[in-house]
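# give the three-dimensional model of this entry:
(chains A, B and C)
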Amino acid sequence: MSWLIKTLTSTLGRKLIMSLTGLFLIIFLLVHLAGNLQLLKDDGGMAFNIYAKFMTSNPLIKTTSYILYATFIIHILLSALLTINNLRARGAGYKVNRLSEGVTWSSKNMGILGTIIFIFLVAHLKHFWYEMHWGGIPMVTYEDVTVKDLYLVVATAYGELWYVLFYVVGMIALGFHLYHGFQSAFQTLGLNHLKYTPAIKVVGIGFSLIVPALYALIPLLMYLS
Amino acid sequence: MKLTLKIWRQKSAGTQGKFIKYEIDNISEDTSFLEMLDQLNVELEEKGEEPVHFDHDCREGICGTCSLYINGHPHGPHQTTTCQLHMRSFKDGDTITIEPWRAKAFPIIKDLVVDRSAFDRIIQSGGYISVNTGGTPDANEIPIPKDVASEAMDAASCIGCGACVAACKNASAMLFVSAKVAHLGKLPQGEVERHARVQRMVAQMDEEGFGACTNTGACAAECPKEISLTNIALMNRHYFNASFSH
Amino acid sequence: MILDSKTPDGPIAEKWTRHKFGMKLVNPANKRKYDVIVVGTGLAGASAAASLAELGYNVKAFCFQDSPRRAHSIAAQGGINAAKNYQNDGDSVFRLFYDTVKGGDYRSREANVYRLAEVSTNIIDQCVAQGVPFAREYGGLLDNRSFGGAQVSRTFYAKGQTGQQLLLGAYSALSRQVNTGKVKLYPRTEMLDVVIVDGKARGIVARNLITGVIDSHSAHAVLLCTGGYGNVFYLSTNAMGSNATAAWRAHKKGALFANPCYTQIHPTCIPVSGEHQSKLTLMSESLRNDGRVWVPKSKEQAEKIRTGEIKAGSIAEEDRDYYLENRYPAFGNLVPRDVASRNAKDVCDDGRGVGPTGLAVYLDFADAIQRDGRDTIEAKYGNLFDIYEKITGENPYNVPMKIYPAVHYTMGGLWVDYNLMTTVPGLYALGEANFSDHGANRLGASALMQGLADGYFVIPYAIGDYLATMPYDKVSTDHEAFREARDKVDNDIKKLLNINGSKPVDHFHKKLGKVMWDYCGMARNADGLKKAKKLVQEIRDEFWSDLKLTGGYDELNMSLEKASRLVDFLELGELMIDDASLRDESCGGHFRSEHQTDEGEAKRDDEHFAFVAAWEYKGEGKPEVMYKEDLVFENVKLTQRSYK
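Coordinates of the predicted model:
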């Protein structure tokens, strides 16, 4: 196993982990979005609440969620470690810094963007995930099932302007993070090809615009209605 | 032209450095950037001050000796080496800040001169094809497709100046290492030992204290020889392939 | 002293084979008992160091640059010749040999040149095996081109960066041996003296350029692979650091210096733009395939161009003098380097030069662009045009290029025998540092060939023959001879630092360069040389009384490095002048204006000057003594060159 440790602790190995965890989180974003979109359904939150119940009780999903937690933790901790190492590798910095041609602002500020997303994430988890699992959420009964009324918690939160703004800022950071992260993950995996990379880039840009926008749209719409 | 120069001065590796401001006049726009510094040095020496030390040798953009971080860019505002930069790229009255390459793996020796021997040690760890002199087959024995030869040539044009490390916010040497990995790995002669090569070179790169790549692309954007980012992807591929399937 | 070239007997094609067989061998197990010092890590040095380490010798490799990969071999653009005859166009070892001897204007040693041509084919095999990405045809085989007026296509190339790729090949082989521990590398370390014990070279004294520490290194043999001395002229296509110090200090320790006056001037360089200029940049000779060289017919128009009153484009076709096409209808713009260079000088001396300084001629692509289209020209020369525009700020697609000749290569160097050994036993000279293969003029794409031939395929054999006779014992660096050499170097440096004059180094170097260029450059004559000798002596006196150095002894001090190198150039310059005065004939790059044919060509005097002039240092202030090695031509017929 020493070869595995050696590989994964090398700079390339760490980048590989960043890339794979990043891609996994991108998939998670889609799944999560599919759930969130149900908030917009005009049924008083029934679909959403049943969906929430399903996500917290299905054994397969539950197992997957542990992998997800691990992925988050690894992605975050490793990025912190890499950032510290990278800063150390630079040493004393430059007095004058300019962006090189064709280099995006987000690519040079993934750490800052990640930190904003991290803060968002902590608040987000506290508000919804923690409440859902261990908080005192009122119950609601639909026909023959009784579930926690997470919809109520969400709708209350989205009724607060500051929270909506906080959410939007978080999604903007996520958009920029994905703008670089999406295509970067492929480059790290070694998937850079004259023919296919342009397509990856287009998909990446589309993803980084549309997905965070849809996320942000939900609290906005709910606040406005 | 009349210019204000802010130059990093540092007596030796162990001492504190600082920026010193110099005014210089009568610079022709046909002068190269290094000749402008020559002119400054003559003036300094005539006043009895020590000249500004900077690395340079061929002054035709191929030896890779010259460096300098000029106004926030390695080798200055254009994608070329400092020795090929001319003063017509600046305006009368400009202020130019000149810094050494900054990286833990490139310690400063004096003023703007840094120690890039880490690059040599990376090549020594595996940047070669293990053949001895003599006993090699006829040069035409192995046909190599023209486009493969030309891709290998593009990667091989790296001059080892270190601009990639200087440009990278993480002081990563991935572009340099990958250029050699790609040059040798693409050719049939070099394919034989490509797994061992990439692993040894990456291990040495890490040991030297270079940072990790975050795919910003600054290295390729500033590389005077336009070495492409695809080399880094290729190196990653070779490395993972070598590590997981061999 | 009788100079014994040790050329083996027998027919020319068998000399090297027979000689190799006759040479003594060192048992593989005993090779590790011998230490070899290699100074310089260019093509010759890196290839020699790598090859010797592979054989099992312990090698110490020195270079003044920060890395072996920076040696100036890296800047060679065009290509490398080899008698592979891959093109089926009639090339052969004999033809390459013949062309090289003829191109050298019959002033080289036949046996050495033949060997060079013979091993040229192995070089290509070796380099390809190392991964040198030579240009290829669509079928995957190696591509060749014709170069420098050769009538066969025998030049292998890697874009316009052949020197870089070959050097990186040799550097990778060297790096591999560093990794095995057989080579110890000393970068940023400059050799300042050879140490001789009991008449044999047994080590060197070198200065660590970062700490200033003067150290000595002992070995069983010393190889000087330190390049040429073109920087005597201050402005040349050499790198800023290229110097003659190692060769010259070896000369002062007893190694004879051969044909110092043979220098090559390259016709297509970017002209000097002003006083500030530090270095000249070569534009590939291939440009002359499509560019037309011209100046205005009248001095008046040239004057107007110089002052900027009119532009090249406003000179009517009939007022242009395409002087190469007119004078040499058969070869036109493709005449050899020396002929093209001298003609450019002639028209400029005649007051018809262009550019602000009047020291430039046009190389015009307008006709070629009109004939072949801009795209074709761009495909062929695009990168060269870009380089030109970067340096001059002018776009050669719209206005004619300006070019002028510049010092490029020095054929002279340390005298060596067939085994590449100098007159000091155990001291070898390889590559441009020796004199042996190019005669009075070097052909294009032959410098790379010679450096690698010496390093990969000659010295590994030759050194065994010598070392086999040597005891294994090492000489301690505490030995009297080492101590003396260290003290001398230490004193010399302190002396320079203590002059306390008023002028920086470059002031003297520029002055020396101008004298050498004016009187010992493209054309020389007896009166001028006499005058130059006196001028060089004056500059030297001024240098020793008025040099100002700042910075200290025990630190990185680049001005001190330059001054130390200039000391040697100031002495070597005078020897070049003496050699040029003595050689009362014209040959190759050595053009004595007293000796020219009616057509203005170099006129040799084979009866009196078919010899190598090897000079012996006799002590400070004493005139050097010249020894002759007569050149015998058994395989090549001596003829007068003509390009009409």
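
# domains for chain B, by residue range?
For chain B, automatic domain parsing gives the domain ranges B:3-109, B:116-245.

# can I get stretch C:365-380 as PDB, trimmed to CA atoms?
What follows is stretch C:365-380, C-alpha atoms only, in PDB (Å, rounded to 0.1, in the frame of the first residue of the first chain):
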ATOM      1  CA  PHE C 365      12.000  40.200 -49.600                       C
ATOM      2  CA  ALA C 366       9.700  42.300 -51.700                       C
ATOM      3  CA  ASP C 367      10.300  40.300 -54.900                       C
ATOM      4  CA  ALA C 368      10.000  37.000 -53.100                       C
ATOM      5  CA  ILE C 369       6.700  38.000 -51.500                       C
ATOM      6  CA  GLN C 370       5.400  39.100 -54.900                       C
ATOM      7  CA  ARG C 371       6.600  35.900 -56.600                       C
ATOM      8  CA  ASP C 372       5.600  33.300 -54.000                       C
ATOM      9  CA  GLY C 373       3.000  35.100 -51.900                       C
ATOM     10  CA  ARG C 374       3.200  36.300 -48.400                       C
ATOM     11  CA  ASP C 375       2.000  33.000 -47.000                       C
ATOM     12  CA  THR C 376       4.800  31.000 -48.500                       C
ATOM     13  CA  ILE C 377       7.400  33.400 -47.200                       C
ATOM     14  CA  GLU C 378       5.800  33.500 -43.800                       C
ATOM     15  CA  ALA C 379       5.800  29.700 -43.600                       C
ATOM     16  CA  LYS C 380       9.600  29.600 -44.400                       C
END
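
# residue 12 - how many residues pack around it?
No chain specified, so I'll use chain A. Burial measure for A:Leu12: 28 neighbouring residues, criterion other CB atoms under 10 Å in any protein chain shown. Yep, even glycine has a C-beta here, placed from its N, CA and C like the rest.

# my bad, chain C
For C:Ile12, the neighbour count with other CB under 10 Å is 20.

# also the one 10 residues further on?
Neighbours of C:Gly22 under the rule other CB under 10 Å: 10.

# residues contacting whichever residue of chain B sits closest to chain C?
Residue nearest to chain C within chain B (CB to the nearest CB): B:Pro143, separated by 2.9 Å. Contact analysis of B:Pro143 by CB atoms under 8 Å, 6 or more residues apart in numbering or on different chains lists C:Arg136, C:Gly139, C:Gly140, C:Leu141.

# coming back round to it: buried deepest among the domains of chain B, which one?
Comparing the domains of chain B by mean neighbour count (mean count of other CB atoms under 10 Å in any protein chain shown), domain B:116-245 comes out on top with a mean of 22.

# and that one, how far from the chain's centre?
On the basis of CA atoms, centre = their mean, to the nearest Å, domain B:116-245 sits 13 Å off its chain's mean C-alpha point.

# start and end of it, how far apart?
34 Å (CA to CA, to the nearest Å).

# now the strands for chain A?
Using DSSP state E, the strands of chain A run over A:139-142, A:145-148.

# would JSON lines of these with mean pLDDT, distance to chain B and mean neighbour count be doable?
Formatted as JSON lines, these follow (pLDDT from 0 to 100; distance: least, CB to the nearest CB, whole Å; neighbours: other CB atoms under 10 Å in any protein chain shown):
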{"stretch": "strand A:139-142", "mean pLDDT": "90", "distance to chain B": "46", "mean neighbour count": "12"}
{"stretch": "strand A:145-148", "mean pLDDT": "89", "distance to chain B": "41", "mean neighbour count": "16"}
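
# make CSV out of these and add distance to chain C.
Shown next, in CSV, are these (distance: least, CB to the nearest CB, whole Å):
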stretch, distance to chain C
strand A:139-142, 70
strand A:145-148, 65
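
# can you give me the strands in chain B?
According to DSSP E, chain B carries its strands in the segments B:3-9, B:18-24, B:69-70, B:73-74, B:95-99, B:108-110, B:113-114.

# for the longest helix along chain A, packing partners?
In chain A, taking DSSP state H as the definition, the longest helix is helix A:59-90. Judged by 3 or more CB pairs under 8 Å, 6 or more residues apart in numbering or on different chains; DSSP states H and E, the packing partners of helix A:59-90 are helix A:11-36, helix A:46-57, helix A:110-124.

# go again using 10 Å as the cut-off
helix A:11-36, helix A:46-57, helix A:110-124, helix B:163-167 (3 or more CB pairs under 10 Å, 6 or more residues apart in numbering or on different chains; DSSP states H and E).

# coming back round to it: tabulate the strands of chain A in JSON lines, adding columns for distance to A:Gly44.
Listed next are the strands of chain A as JSON lines, based on distance: least, CB to CB, whole Å:
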{"stretch": "strand A:139-142", "distance to A:Gly44": "9"}
{"stretch": "strand A:145-148", "distance to A:Gly44": "13"}
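
# quick revisit: by mean pLDDT, show me the worst of the helices and strands packed on helix A:59-90.
Lowest mean pLDDT of these: helix A:46-57, a mean of 90.

# now do that one against helix A:59-90, angle only.
Going by axes from the mean of the first three to the mean of the last three CA atoms, to 10 degrees, helix A:46-57 is angled at 80 degrees with respect to helix A:59-90.

# what is helix A:46-57 packed up against?
Helices and strands touching helix A:46-57, by 3+ CB pairs under 10 Å, 6+ apart, are helix A:11-36, helix A:59-90, helix A:131-134, strand A:139-142, strand A:145-148, helix A:150-157.

# contacting residues around the helix or strand bottoming out on mean pLDDT in chain A?
One helix or strand of chain A scores below all others by mean pLDDT, DSSP states H and E: helix A:131-134, with a mean of 86. Residues outside helix A:131-134 that contact it (CB atoms under 10 Å, 6 or more residues apart in numbering or on different chains) are A:Ala52, A:Lys53, A:Met55, A:Thr56, A:Leu125, A:Ile137, A:Lys148, A:Leu150, A:Val153, A:Val154, A:Ala157.
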